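Student: Build the 3D model from these lines:
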Amino acid sequence: MDDEQRKRLSSVYERWEKRARPHTIAVDPRLPKPYSDRLQPRRAPKKAPIESSVPAPAASFVPTIGVSSGDLVRHTRMKYLCVNKCCQTCVPYSRKKFCVDGVTSSGMKDILKVNTRKYNSWVARHLPYTYHVWKMDTQFPPIDLRKNTLKSQRVRKAVEQCAQVASEEGGGSHDYQTALRQQEKRAVSIVYGMSSAISKTLLRVANWTLFWLLARLFNGVYVDRGHITMLREANKGQVPIIFLPGHKSHMDYILMSFVLANIGITVPHIASGDNLSLWGIGWLIKHLGGFFIKRKLDTAAGKDVLYRKCLHEYMVELLTTGQNIEFFMEGSRSRSGKPGMPKAGLLSVLVDTVKEGTVQDIMIVPVSISYDKLMEKNFVPHELMGGSKTPETFFSGLKGAWAMLTYKAGSARVDFAEPFSLQEFISNGRISKQSLLALSQMNGNGNISPSANDQERKLVSALSHHIVYQVSQCSVPMATNMVAFLLMTKYREGVALPDLISSYEWLEEKITSKGSLYLTIGFPFEYYIVLNQPAEITWESPGNQAKQHTVALQNDAARVQGVRCSQGSGCKMQPGFRVAVGFSGEPADAVRYALNLLSDLVEVSRCTRTNGVTVETQWITPRLALPTVFRLHHCFNQVSPIFALDSVIACSIQRVSGSFARSGDEGEDQRPTTKISLPKDKLIVEGVELCRLLGREFFFAPPCVDLCTVVDEAIDSFIVADIFKVKQAGPSQASRYDDEDKDRAIWLEVSHDSAHLDHLQFLQLLLDPFLEAYFLTATSLLERTGSHDENQLGSAIQEEAVRKGKKGLLRNEVSCSMDTIRNAVKTFTDMDILSLDQTDGHLHLRYPDLLLQIAEALSEYRP
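Tutor: Model (predicted):
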């Protein structure tokens, strides 16, 4: 950097440190490195438990809501659309095939509760699990897929190609026939090593065993009855179904097969990493439907063509025989709790199979699995502190099985998005206007077939992003996630239990109202209709001769211009989609239930409140020491995607306006004394730029929707909520527009209402740890010279972040997360600010001035 850049960087540091909270980040000395994966046994906590609203022994208190499934899932009679629908633009026919507009949830089914009393059988009445498993239908073809795979033309050509290459590289030491026999043996080894060998008997035994084990681990495993009906309809089509869940835990494999087997859906073949191919455990997985694939398909010598072709052909054989498949597009478990960047290798096999006509169609089903509490207790903090991944072993598998008998994980919930046709997506997917670079930045499309052209790569990337976006949208926050969310944002310093209960009720209302239909009226220049599903709108035009107009709106938002519209003039809208929460009932019971499960992540003490009457209550303080805080933040990230776009708007307001609510030196809020007005077009530009910067953290929109449209709609929702007041540009403001654009010059005035300002400040806190991590990465890169190994660079940035935290220069402990730091480095590489040297794999800083501009912008987003 030159002297001018150093001055600018120094100024950025000064501005950033001014806004740091006056506290130091603590590192918990009780957690050794590497951190063990010991699970918390199910025993009474030593500290004071959370108070119950009913008289009960303190040490053994379990809220009523945590025992009965009828109480636990009280939202079964709530009226909300039960399915997250597929894309109206890309798959309009699939959107109407399985779900009809206005269909509401018919309640939740606890898979662990089996009702066999309707059968007139002694076995059904006294041994319900045994009878249920005995009656379970399993459908698998008696064809040997391994022999068909080895005989296929694709594999034979790959064997011959590899043999030819081996004979040429051998310099004549091996003739072609010898090399051919070696490659044939290797093909047999690959196919027999990866393929599954499902045993119907073992499936029944495993299902019976899981009923007992999961009943000890979970209070319940819940699935929406509307989802069950939808999947059964999709299963009737004689088309293979591909289940694509988000990956949070090793329990995902078990729950998916267990749920599908018990709702009458053919158990899928599951793509598993070869790290699980352990003695004994690997045999069990293969006979329950798992097939093993390498975590890295290629070697240092180059692409392993034979392995790729064998895997491709084996999946084709599964599809042609009508078998369902399940795999995790993220590849590995999410360390942050949010959906990760998809890896599109296996997805490209599905696209090729449909495009070649090998199978007529494939149904894609995104799935989200939500937990009150993860079984893997310490892998999150260990790896987010830079620790290496602990390899799975036979004894770790036994340890996990034993944990199911001693651990209490609350409840689990499986949510299925609406199935959509892959053939329809290929035919109708609107991706031609998007650049391959933009999609790769949003998706990280790795492992796509090297023979694919740009259009095919764009297709697979768009499909992968669509799926992960739907997984994010159908994810349901649990009670523990909502409590952790509040503790990590509003109540980092602690909160009294009654206030936490009140805030939980407020947050539940905010979540469930996301996506509702709104109609705002009275703007002299434009009328906004904001909705999240197609609807038919009817209104009457003004004038002496009233005339009715009807329009079918298909987009997420529409603007009706030139028509005077009011609620009393015949506007009709369908009820809107309401986001569900994974736990409903009385807020007090939900909060106590969550705090009991989070007992090792919070501290509970007694406190006295005086509000006319002296009342003794409990004070809840989150444990924010590194690395324990990462577990709490993992729960936080189940809720943060719901508000991510709103938070982008709040941070963009901060940068465009300069300030609307900032904490003073004494902690008091300094409210603006003058009205804050800002141009809407500039706010949209800032919002889009921030969305692009955080594209590896959140999925803001599917690839068929422009980010400008999404940000515009989010601003419209702020207008509906009266956070913004719309006004036309004044003379001085309109001068920045051309004559033809003056009529469209829209200015937004930020409300001075204290509740609105508090809400904006609250929204800013959501993105603060991510913005801080990106700022730390940018400034650290600016201070370094030469080339750097990516892993060593991430560790160096994290160490520097921890040092700054100990000095009180950071506001968020989780900004030291290795996951976020790596995402920042990859984002700067995607933006071509960093370049990757293909010879040594090191990163070089190409454009320091551009990186400095980003650091300056990040400092301005901060409240």
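Student: Can you point out the helix or strand that includes the residue nearest the centre of the chain?
Tutor: Among the residues of the chain, the one closest to the centroid is P339, at 3.0 Å (Cα atoms, centre = their mean). Using DSSP states H and E, P339 is not contained in any helix or strand.
Student: Make residue 1 into 23 and carry on from there
Tutor: Sure thing, new numbering starts at 23, so read that last one as P361.
Student: and it, what does it touch?
Tutor: G268, E352, V490, V493, S494, S497, P663, F721 (Cβ atoms under 8 Å, 6 or more residues apart in numbering). All C-beta atoms are positioned from the backbone trio N, CA, C, and that covers glycine.
Student: and the closest residue to the second one other than its chain neighbours, how far is that from R844?
Tutor: Residue nearest to E352 in three dimensions, not counting chain neighbours: G362, with 4.1 Å by Cβ to Cβ, 6 or more residues apart in numbering. For G362, the distance to R844 under the criterion Cβ to Cβ, to the nearest Å works out to 11 Å.
Student: Next one, pLDDT for the residue nearest to L880 when sequence neighbours are not counted please.
Tutor: Spatially, and ignoring its direct neighbours in sequence, L880 is nearest to F797 (4.3 Å; Cβ to Cβ, 6+ apart). Listed pLDDT for F797 reads 92.
Student: what does A81 give?
Tutor: In this model, A81 is scored at 28, pLDDT.
Student: and if you look at E562?
Tutor: According to the model, E562 scores 40 on pLDDT.
Student: circling back: would you turn the contacts of P361 into TSV with distance to L406 and pLDDT?
Tutor: Converted to TSV, the contacts of P361 look like this (distance: Cβ to Cβ, whole Å; pLDDT from 0 to 100):
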residue	distance to L406	pLDDT
G268	18	90
E352	16	85
V490	21	91
V493	21	91
S494	20	89
S497	20	86
P663	18	91
F721	20	90
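Student: How far off centre is the helix or strand containing the residue nearest to L880?
Tutor: Using DSSP H and E, F797 maps to helix 776-804. Here the centre of helix 776-804 is set off from its chain's centre by 20 Å, with Cα atoms, centre = their mean, to the nearest Å.
Student: Which residues belonging to it are considered buried?
Tutor: Buried positions in helix 776-804, judged by neighbour count with 16 or more other Cβ atoms under 10 Å: 778-779, 781-804.
Student: Also stretch 260-273?
Tutor: Neighbour-count burial for stretch 260-273 [16+ other Cβ under 10 Å]: 261-273.
Student: Stretch 393-406 too?
Tutor: For stretch 393-406, using 16+ other Cβ under 10 Å, the buried residues are 393-406.
Student: Could you do stretch 282-291 as well?
Tutor: In stretch 282-291, counting by 16+ other Cβ under 10 Å, buried: L282, A283, N284, I285, I287, T288, V289, P290, H291.
Student: In this model Y151 seems to touch the third one, though I could be wrong.
Tutor: So that's N284. No. Using Cβ atoms under 8 Å, N284 is not in contact with Y151, being 10.5 Å away.
Student: got any residues that touch both of these two?
Tutor: By Cβ under 8 Å, 6+ apart, N284 and Y151 have no common neighbours.
Student: neighbours around the residue nearest to L832 when sequence neighbours are not counted, how many?
Tutor: Using Cβ to Cβ, 6+ apart and skipping the chain neighbours, the partner closest in space to L832 is K826 (5.5 Å). Number of residues near K826 (other Cβ atoms under 10 Å) recorded here: 21.
Student: Contacts for the host helix or strand of K826 next, please.
Tutor: Per DSSP H and E: K826 is located in helix 812-828. Helix 812-828 is contacted by residues 46-47, 49, 407-408, 648, 795, 798-799, 802-803, 806, 810, 832, 835, 837-838, 840, 843-844, 847, 863-865 when judged by Cβ under 8 Å, 6+ apart.
Student: roughly how far apart are E708 and W528?
Tutor: Using Cβ to Cβ, E708 is found at 28 Å from W528.
Student: Show me which of the two is the more surrounded one.
Tutor: E708 (23 against 13).
Student: Need the buried residues of stretch 260-273 in CSV (columns: distance to T200 and secondary structure).
Tutor: Output for these, formatted as CSV (distance: Cβ to Cβ, whole Å; DSSP: H, G, I helix; E, B strand; the rest coil):
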residue, distance to T200, secondary structure
V261, 44, coil
P262, 39, coil
I263, 44, strand
I264, 40, strand
F265, 43, strand
L266, 43, strand
P267, 45, strand
G268, 47, coil
H269, 43, coil
K270, 48, coil
S271, 47, coil
H272, 43, coil
M273, 47, helix
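Student: which one of these is nearest Q875?
Tutor: Proximity of these to Q875 (Cβ to Cβ) peaks at G268, which lies at 34.4 Å.
Student: got the contact list for that closest one?
Tutor: F350, E352, S356, P361, V389, S390, I391, V490, V493, S494, S497.
Student: Try it again at 7 Å.
Tutor: Contacts for G268 (Cβ atoms under 7 Å, 6 or more residues apart in numbering) come out as E352, S356, P361, S390, I391, V493, S497.
Student: show me where pLDDT drops low in the stretch 223-372 of the chain?
Tutor: 319-324 (pLDDT under 70).
Student: just checking, what packs against the helix holding F797?
Tutor: If you count contacts as 3 or more Cβ pairs under 7 Å, 6 or more residues apart in numbering; DSSP states H and E, helix 776-804 packs onto helix 25-40, helix 501-511, helix 662-679, helix 812-828, helix 840-852, helix 870-883.
Student: And those helices: which comes nearest D622?
Tutor: helix 501-511 (12.0 Å).
Student: and the closest one with helix 776-804, angle?
Tutor: Interaxial angle, helix 501-511 versus helix 776-804 (axes from the mean of the first three to the mean of the last three Cα atoms, to 10 degrees): 80 degrees.
Student: Name the residues that touch helix 501-511?
Tutor: Helix 501-511 is contacted from outside by 394-395, 432, 522, 525-526, 529-530, 605, 612-613, 615-617, 619-620, 624, 644, 654-655, 657-658, 660-661, 784, 787-788, using Cβ under 7 Å, 6+ apart.
Student: give me that answer again for 6 Å
Tutor: Identification of contacts with helix 501-511 by Cβ atoms under 6 Å, 6 or more residues apart in numbering yields 394, 525, 529, 605, 612, 615-616, 619-620, 644, 654, 657-658, 660-661, 787.
Student: which pair in those spans the largest distance?
Tutor: Going by Cβ to Cβ, the pair spanning the contacts of helix 501-511 furthest: Y615 and L787, at 24.9 Å.
Student: All the strands of the stretch 223-372 of the chain, residue numbers only.
Tutor: Per DSSP state E, counting those that start in this stretch, the stretch 223-372 of the chain carries strands over the ranges 242-246, 263-267, 291-295, 312-315, 347-348.
Student: Now distance to A146 too, for these, in CSV please.
Tutor: Output for those, formatted as CSV (distance: least, Cβ to Cβ, whole Å):
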stretch, distance to A146
strand 242-246, 21
strand 263-267, 30
strand 291-295, 30
strand 312-315, 31
strand 347-348, 30
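Student: for the stretch 373-522 of the chain, which spans come out with low pLDDT?
Tutor: Using pLDDT under 70, the flagged stretches of the stretch 373-522 of the chain are 400-401, 410-419, 422-423, 425-426, 451-475.
Student: What segments of it are helices?
Tutor: Per DSSP state H, counting those that start in this stretch, the stretch 373-522 of the chain carries helices over the ranges 401-406, 416-428, 444-450, 458-465, 476-496, 501-511, 519-534.
Student: among those, which is the most enclosed?
Tutor: helix 501-511 (a mean of 27; mean count of other Cβ atoms under 10 Å).
Student: Only alpha carbons, please: show that one as PDB.
Tutor: Output of helix 501-511 as PDB, limited to C-alpha atoms (Å, rounded to 0.1, in the frame of the first residue of the first chain):
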ATOM      1  CA  ALA A 501     -38.100 -22.600  20.500                       C
ATOM      2  CA  THR A 502     -34.400 -23.000  21.400                       C
ATOM      3  CA  ASN A 503     -33.500 -21.100  18.200                       C
ATOM      4  CA  MET A 504     -35.800 -18.200  19.000                       C
ATOM      5  CA  VAL A 505     -34.500 -17.900  22.600                       C
ATOM      6  CA  ALA A 506     -30.900 -18.000  21.400                       C
ATOM      7  CA  PHE A 507     -31.700 -15.400  18.700                       C
ATOM      8  CA  LEU A 508     -33.000 -13.000  21.400                       C
ATOM      9  CA  LEU A 509     -30.100 -13.600  23.700                       C
ATOM     10  CA  MET A 510     -27.600 -13.000  20.900                       C
ATOM     11  CA  THR A 511     -29.200  -9.700  19.800                       C
END
